[in-house]
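[1] quick one, fold the following:
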Amino acid sequence: MYSFYTFRVEVTFVRANGERVKAKGKIGDSLLDVIVNNNIDFEGFGACEGTLTCSTCHLIFAKPDYDRLPEKPSDEELDMLDLAYELTDTSRLGCQITLSKDLQGLEVRVPATINDARS
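    Below is the predicted model of the structure:
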């Protein structure tokens, strides 16, 4: 049995070219933390380091996964998402998604291009 602190949530990030990158994070980590802590190279991803001042950690979720996320996007997140390339109805910022055991096996798509809203 896993304790709250040792359970690792596996996430698959799918690049625009179809390459699948699997990584694990701790419960409570954001999806941005998972990318940073696993040294995954997504060019320009997370430029503001999770301060919700850019849109570079834009991720696209499958509709069922989007619907099961525990929290809906805040107005601030929606404002940043408006600046993201390839925006969809199931787009979120990775810095705003916190891992829970319910997200085990989550798969998200990484857009081909990013827009740093701070520029």
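[2] mind listing what the spatially most central residue of the chain touches?
    With distances taken as Cα atoms, centre = their mean, the chain has Gly94 as the residue nearest its mean C-alpha position (2.6 Å). Residues touching Gly94, when contacts are defined by Cβ atoms under 8 Å, 6 or more residues apart in numbering, comprise 30-32, 34-35, 45-46, 57-59, 108. The way it works is simple: take the backbone N, C-alpha and C, and place the C-beta from them, glycine included.
[3] for Leu93, same thing?
    Neighbours of Leu93 in contact, by Cβ under 8 Å, 6+ apart: 52, 55, 57-59, 73, 77, 80-81.
[4] biggest separation within these, which pair?
    In terms of Cβ to Cβ, the contacts of Leu93 reach their longest pairwise distance at Leu52 and Leu59, which sit 14.3 Å apart.
[5] more crowded one of the two?
    Comparing Leu52 with Leu59 by other Cβ atoms under 10 Å, the one with more neighbours is Leu59, at 27 against 16.
[6] strands along this protein, start to end?
    Defined through DSSP state E, the strands belonging to the chain, from first to last, are 8-14, 20-26, 58-61, 91-93, 106-109.
[7] would you format the ones you listed as TSV with mean pLDDT included?
    Compiled in TSV, these are given as follows (pLDDT from 0 to 100):
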stretch	mean pLDDT
strand 8-14	96
strand 20-26	97
strand 58-61	96
strand 91-93	97
strand 106-109	97
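[8] format those strands as a markdown table; extra columns: distance to Tyr85.
    Putting the strands of the chain into a markdown table (distance: least, Cβ to Cβ, whole Å) gives the following:
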| stretch | distance to Tyr85 |
| --- | --- |
| strand 8-14 | 16 |
| strand 20-26 | 20 |
| strand 58-61 | 7 |
| strand 91-93 | 10 |
| strand 106-109 | 13 |
